[in-house]
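Asks: Got a sequence here, can you model it:
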Amino acid sequence: MNAPKPLYEGKAKLIYPTDDPLVLRAYFKDDATAFNAQKKGSITDKGEINCTVSSYLFRHLESDGIATHWIDQPSPREMRVRAVKIVPLEVVVRNIAAGSLCQQTGIPLGTPLEEPLVDFYFKDDALGDPLLTRDRILLMKVATEEQIDQLKTLSLMVNKHLSAFFKTCDITLVDFKLEYGLDSDGQMLLADEISPDTCRLWDTLETDPERRVMDKDRFRKDLGSVEEAYRRVLARVMAHC
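Replies: Purely as a prediction, here's the structure:
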């Protein structure tokens, strides 16, 4: 019997159908990309690490009352998820100034923000995933007023829970990207993944600005020891879940 063809292939995952039309199978790849796929490479065992970290974190958030698409993890790099229609917005929550926020505003790297900042980016590689204002989101009919409010509220809740959890792991959640989708009943579910690929994570036991980095910035900035950093995140998450 021929293996099923993927419904979709992204930069980090392959999405396959299952016998149940309401359930999909996400296969996590070792491929690594940065700068809108201008930089490409591979991180050994990244797929297994990110799938497992995401599964632990989704399960943790579910226990805190946040609805996600996660069902289970049948193998090290496979996750069963509820089928959703992805909202074409990336929601970025920032607790500390880093990355594009510093580049676009001049705020020094590492500056704590008085309140978490929520940014919306349009999911479109051809356009470079541009930052959108609320009015532009409404103009483009990407989401409704109610959905924008819901996405912000949910993302701040996720930030509160994840920040507290990572603190117990001696990890600072600097910022992170979330994606959401609507299930067959129209319920908004947290989707995609939560991993060192999508979070900026700093080791609170380290003061050196390079050694503290535990996320994909190690790949972006050629800092080395990328797999080692990912594995440290996995070990700490597993020890505290």
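
Asks: what about the strands in the protein?
Replies: Applying DSSP state E to the chain gives strands spanning 8-9, 13-17, 23-28, 31-34, 39-42, 70-75, 78-82, 85-86, 89-96, 112-122, 131-132, 171-182, 188-191, 199-203.

Asks: Rebuild the ones you listed as TSV, extending it with mean neighbour count and mean pLDDT.
Replies: Backbone N, C-alpha and C define where each C-beta goes, glycine included. Below are those laid out as TSV (neighbours: other C-beta atoms under 10 Å; pLDDT from 0 to 100):
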stretch	mean neighbour count	mean pLDDT
strand 8-9	12	92
strand 13-17	17	97
strand 23-28	20	98
strand 31-34	17	92
strand 39-42	12	92
strand 70-75	15	98
strand 78-82	21	98
strand 85-86	13	97
strand 89-96	21	98
strand 112-122	14	98
strand 131-132	17	98
strand 171-182	22	98
strand 188-191	21	98
strand 199-203	23	98
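
Asks: Turn the ones you listed into CSV, including distance to Met157.
Replies: Compiled in CSV, the strands of the chain are given as follows (distance: least, C-beta to C-beta, whole Å):
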stretch, distance to Met157
strand 8-9, 28
strand 13-17, 24
strand 23-28, 23
strand 31-34, 28
strand 39-42, 33
strand 70-75, 16
strand 78-82, 19
strand 85-86, 20
strand 89-96, 10
strand 112-122, 11
strand 131-132, 21
strand 171-182, 11
strand 188-191, 10
strand 199-203, 16
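
Asks: Which one of those strands lies nearest to Ala229?
Replies: When the strands of the chain are compared by C-beta to C-beta, strand 199-203 sits nearest Ala229, at 8.4 Å.

Asks: which helices and strands sit right next to that closest one?
Replies: Here strand 199-203 touches strand 171-182, going by 3 or more C-beta pairs under 8 Å, 6 or more residues apart in numbering; DSSP states H and E.

Asks: Bridge partners for Pro17, pull those for me.
Replies: Leu24 (DSSP bridges).

Asks: ok, now which ones touch it?
Replies: By C-beta atoms under 8 Å, 6 or more residues apart in numbering, Pro17 lies in contact with 4, 7, 24-25.

Asks: from those, which two are the most distant?
Replies: Within those, Pro4 and Leu24 form the most distant pair, 10.8 Å apart (C-beta to C-beta).

Asks: got any residues that touch both of those two?
Replies: Joint contacts of Pro4 and Leu24 (C-beta under 8 Å, 6+ apart) are 16-17.

Asks: now Arg236, nearest residue through space, not along the chain?
Replies: Excluding the flanking residues, the one nearest Arg236 by C-beta to C-beta, 6 or more residues apart in numbering is Cys169, at 3.9 Å.

Asks: how near is the closest residue to Thr144 other than its chain neighbours to Ile86?
Replies: Nearest residue to Thr144 in three dimensions, chain neighbours excluded: Leu138, at 7.8 Å (C-beta to C-beta, 6+ apart). Distance check for Leu138 against Ile86: by C-beta to C-beta, to the nearest Å, it reads 19 Å.

Asks: between the strands of the chain, which one is nearest to Val53?
Replies: Ranking the strands of the chain by proximity to Val53 (C-beta to C-beta) places strand 199-203 first, at 9.1 Å.

Asks: can you give me the offset of the closest one from its chain's centre?
Replies: 12 Å (C-alpha atoms, centre = their mean, to the nearest Å).

Asks: got the angle for that strand vs strand 89-96?
Replies: 20 degrees (axes from the mean of the first three to the mean of the last three C-alpha atoms, to 10 degrees).

Asks: and strand 199-203 with strand 171-182, angle?
Replies: Taking the same axes, to 10 degrees, one finds that strand 199-203 is oriented at 160 degrees with respect to strand 171-182.

Asks: From what I see, Tyr121 and Glu90 are in contact.
Replies: Yes: Tyr121 is within contact range of Glu90, at 4.3 Å (criterion: C-beta atoms under 8 Å).
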